[in-house]
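Chemist: After the sequence you'll find the predicted model.
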Amino acid sequence: MKDQLEITSKDLQRLNAVIDRAHLSTVEPDLPFSVLGALGELVPCDISCQLSPDPSRRRILLDKNYFPGDGTTEIDDECDVSVPITEVEENYWTTAFTSMCCGFQYWTGDHTSVHRCTDWYPSERAYFNSEIGTLVKDNHRFSILMPLPTEGAIEHQVILFRVDGRNFSDREQMLLNLVRPHIAEIHLEQRRRRLSGGLTKRQVQLMALVAQGLTNRQIASRLGIAEGTVRTHLEHAFERLGVTSRTAAVTRLTDAGPRPAGTAP
């Protein structure tokens, strides 16, 4: 067992690729595709997915998929609560999400542990014969779920799927448990940027001082940086916010406010 759970130098390289802060250079909302791709390199799978279910409204707010085999991506981030849910969605809420293998973090309050779909059953055969195992058998054989921090009533998950072949091993589960805190940190930073119009922490800090009525010179003095640096940061912030003035930028951030994942600004 000791040898089975050893971490190799190749594992370390792939672990570093998953937690690389360079992932935050993307303007994508939520977890970047590059993270999902790096996870697929760390733990081989057919699909690496971020899923964001909202149990309070029985809606999937985000379904973001990366296919490691050919590097293709797929995303569905639209939630129209006025449209009746489909039979597939109904099956998800009545069977999949109520099962421990798909919604354990919601039912147990455990948002830190990685679990395989089979961990909740005495054997793989018992899982395959279960209601959820029967429901998903035409789509995939095995899955492993990593919970992320919640956003109010909204759950966030990373799920790796294997269409066929072997189950995820203890060693692979261990690797995912190791990177989970770092992926959660990346996801929280992406969430913060989404709620702040995509601004960096520095840009948010400067915009807060702008909102107080401080001039560029006063901001530079307060932060101990050059006035030209303040000007450059604000120009980039205005560009990200799609505005051309200080007043418009402050208004844009004030009007944005927190909103559920998957909704338009």
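Modeler: Cool, the structure landed.

Chemist: Regarding residue 12, what is its secondary structure?
Modeler: helix (DSSP: H, G, I helix; E, B strand; the rest coil).

Chemist: tell me the mean pLDDT over the longest helix seen in the chain?
Modeler: Taking DSSP state H as the criterion, the chain has its longest helix at helix 170-195. Here helix 170-195 scores 90 as its mean pLDDT.

Chemist: So residue 165 sits against residue 140, correct?
Modeler: No - using Cβ atoms under 8 Å, residue 165 is not in contact with residue 140, being 10.4 Å away. Where C-beta positions appear, they are placed from N, C-alpha and C, glycine not excepted.

Chemist: out of these two, which sits in the more crowded spot?
Modeler: Per other Cβ atoms under 10 Å, whichever of residue 165 and residue 140 has more neighbours is residue 140, with 17 against 10.

Chemist: Tell me which helix or strand that one sits in.
Modeler: Counting by DSSP states H and E, there is no helix or strand that carries residue 140.

Chemist: need the contact list for it.
Modeler: Counting by Cβ atoms under 8 Å, 6 or more residues apart in numbering, residue 140 makes contact with 46-47, 161-163.

Chemist: Confirm for me that residue 155 is in contact with residue 50.
Modeler: No - taking contacts as Cβ under 8 Å, residue 155 lies outside contact range of residue 50: 11.1 Å.

Chemist: Name the residue in the two with the higher neighbour count.
Modeler: The residue with more neighbours, out of residue 155 and residue 50, is residue 50; 26 against 22, by other Cβ under 10 Å.

Chemist: First-to-last residue distance for stretch 155-173?
Modeler: Chord length of stretch 155-173, first to last residue, is 21 Å (Cα to Cα, to the nearest Å).

Chemist: ok, and the closest non-adjacent residue to residue 180?
Modeler: Using Cβ to Cβ, 6 or more residues apart in numbering and skipping the chain neighbours, the partner closest in space to residue 180 is residue 146 (5.3 Å).

Chemist: ok but the one you found is inside a strand, no?
Modeler: Yes - assessed with three-state DSSP, residue 146 lies in a strand.

Chemist: Do you know the pLDDT at it?
Modeler: Residue 146 is assigned 97 on the pLDDT scale.

Chemist: and stretch 43-60, C-alpha only, in CSV?
Modeler: Taking Å, rounded to 0.1, in the frame of the first residue of the first chain, the C-alpha atoms of stretch 43-60 are listed here in CSV:
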residue,chain,number,x,y,z
VAL,A,43,-5.7,12.1,-13.0
PRO,A,44,-6.5,10.6,-16.4
CYS,A,45,-10.1,10.8,-17.3
ASP,A,46,-12.5,11.2,-20.2
ILE,A,47,-14.2,14.3,-18.9
SER,A,48,-13.2,16.9,-16.4
CYS,A,49,-16.1,19.0,-15.4
GLN,A,50,-17.2,21.9,-13.2
LEU,A,51,-20.8,21.7,-12.1
SER,A,52,-22.7,24.3,-10.2
PRO,A,53,-26.1,23.1,-9.0
ASP,A,54,-28.6,25.4,-7.2
PRO,A,55,-30.8,23.1,-5.1
SER,A,56,-33.0,26.0,-4.0
ARG,A,57,-34.2,26.5,-7.6
ARG,A,58,-33.5,23.0,-8.9
ARG,A,59,-31.3,24.4,-11.6
ILE,A,60,-27.8,23.7,-13.0
